[in-house]
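>>> sequence plus the predicted model coming up.
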Amino acid sequence: MREELDDSFYQIHRSCIINIKYIKRISKKKNDMYVLMKNNGKYPLSKKYAKKLTEYVKFSS
């Protein structure tokens, strides 16, 4: 499914894909990793995707 989406979408957890255009904040605290969206939705961020997401958001902005 990820392959069908454009570059503004990114997988942040095995069960969650978000649109990076709507990220409000990224929390990478040790026991509280999540992405907060502009609509105040809070989604889990796995360690596996955390570093790559930060790099991807910088690259895509």
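Okay, I see it. Residues are numbered from 1 along each chain as shown.
>>> use CA for all of it now, contacts and neighbours both
Fine.
>>> once you drop chain neighbours, what's closest to Leu19?
If you look again at residue 19, you'll see it is Asn, not Leu. Counting by CA to CA, 6 or more residues apart in numbering, Phe9 is the residue found nearest to Asn19 once chain neighbours are left out, at 4.3 Å.
>>> just the buried residues of stretch 25-41, please?
Within stretch 25-41, the residues that qualify as buried by neighbour count (16 or more other CA atoms under 10 Å) are Ile26, Lys28, Met33, Tyr34, Val35, Leu36, Met37.
>>> hang on, I meant stretch 42-55
Residues of stretch 42-55 classed as buried: Lys42, Tyr43, Pro44, Leu45, Ser46, Ala50, Leu53 (neighbour count, 16+ other CA under 10 Å).
>>> thinking again about what came up before, could I get the buried residues of stretch 25-41 as CSV with pLDDT?
Below are the buried residues of stretch 25-41 laid out as CSV (pLDDT from 0 to 100):
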residue, pLDDT
Ile26, 93
Lys28, 90
Met33, 95
Tyr34, 96
Val35, 96
Leu36, 96
Met37, 97
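>>> reformat those residues as TSV; add secondary structure.
As requested, the buried residues of stretch 25-41 are exported to TSV (DSSP: H, G, I helix; E, B strand; the rest coil):
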residue	secondary structure
Ile26	strand
Lys28	strand
Met33	strand
Tyr34	strand
Val35	strand
Leu36	strand
Met37	strand
